[in-house]
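Student: Coordinates for the following, if possible.
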Amino acid sequence: MGEDPDGPELWEPGYVTTHPPVCVPCAVTSVGACPHLREVYVALRVRAFAPAGVHGALYRPGEAFPVAYDADGVTFEDWRIGWVLASQLIMEFQEFTVVDLEAEHAAYLKRAEARAAPS
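Tutor: This is a model prediction of the structure:
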């Protein structure tokens with residue numbers, strides 16, 4: 001995630017983000033491929049999460065032409081959810097810890113190597 005690792009919101013359950021959990025190899029690839037993440041990122045080990053809503057184009061019912069407005073975030077309980085053309089899923093992280101991505105990747109590679117070794 002392209003966030004400040006010292007940001008207080010990262011220590012609170014219920015953190016909401018448009019960055020869904022990914023596996024360790026994909027996280028490493030993302031950091032290498034994204035110019036923003038190359039500058040600053042924080043890696044989280046997410047244990048519990050749930051879809052919370054969407055970002056996208058919000059269409060207003062009753063207008064003569066379907067005019068789209070930017071929806072900053074519409075929860076699934078919001079009556080407007082049926083009027084959103086979603087472009088990003090919003091996830092709520094309920095249980096997570098900040099981790100060192102390089103250490104996580106090294107441990108992942110070690111486990112993969114052990115599984116691939118002949119018995």
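
Student: Would you point out which residue is most central in this structure?
Tutor: Nearest residue to the geometric centre of the chain (CA atoms, centre = their mean): H19, 1.6 Å.

Student: And that one, how far from I90?
Tutor: Taking CB to CB, to the nearest Å as the measure, H19 falls 10 Å from I90. Placement of C-beta: from N, CA and C, glycine included.

Student: what does R111 give?
Tutor: 31 Å.

Student: Also A50?
Tutor: Distance of A50 to I90, computed by CB to CB: 10 Å.

Student: still on that earlier bit, is the residue nearest to the centre of the chain located within a helix, as I assumed?
Tutor: No - read with DSSP: H, G, I helix; E, B strand; the rest coil, H19 is coil and lies in no helix.

Student: For it, grab phi and psi.
Tutor: Phi and psi for H19, reported as degrees, to the nearest 10, are phi -100, psi 100.

Student: do V22 as well
Tutor: phi -130, psi 170.

Student: pLDDT wise, what is it at?
Tutor: At V22, the pLDDT value in this model is 86.

Student: ok, it - contacts?
Tutor: The neighbourhood of V22, defined by CB atoms under 8 Å, 6 or more residues apart in numbering, consists of S30.

Student: From V46, how far out is it?
Tutor: 9 Å.

Student: where exactly do the helices run in this structure?
Tutor: In the chain, the helices defined using DSSP state H lie at 24-33, 35-39, 101-116.

Student: I'd like to know which elements the shortest one is packed against.
Tutor: Pointing back at helix 35-39 there. Counting contacts by 3 or more CB pairs under 8 Å, 6 or more residues apart in numbering; DSSP states H and E, helix 35-39 packs against helix 24-33.

Student: Can you give me the distance of R115 to L109?
Tutor: Counting by CB to CB - R115 and L109 are separated by 11 Å.

Student: who's more crowded, the two?
Tutor: Shown here are R115 and L109; by other CB atoms under 10 Å, L109 has more neighbours (13 against 7).

Student: For Q94, see how far away the more buried one is.
Tutor: Distance, L109 to Q94, using CB to CB: 29 Å.
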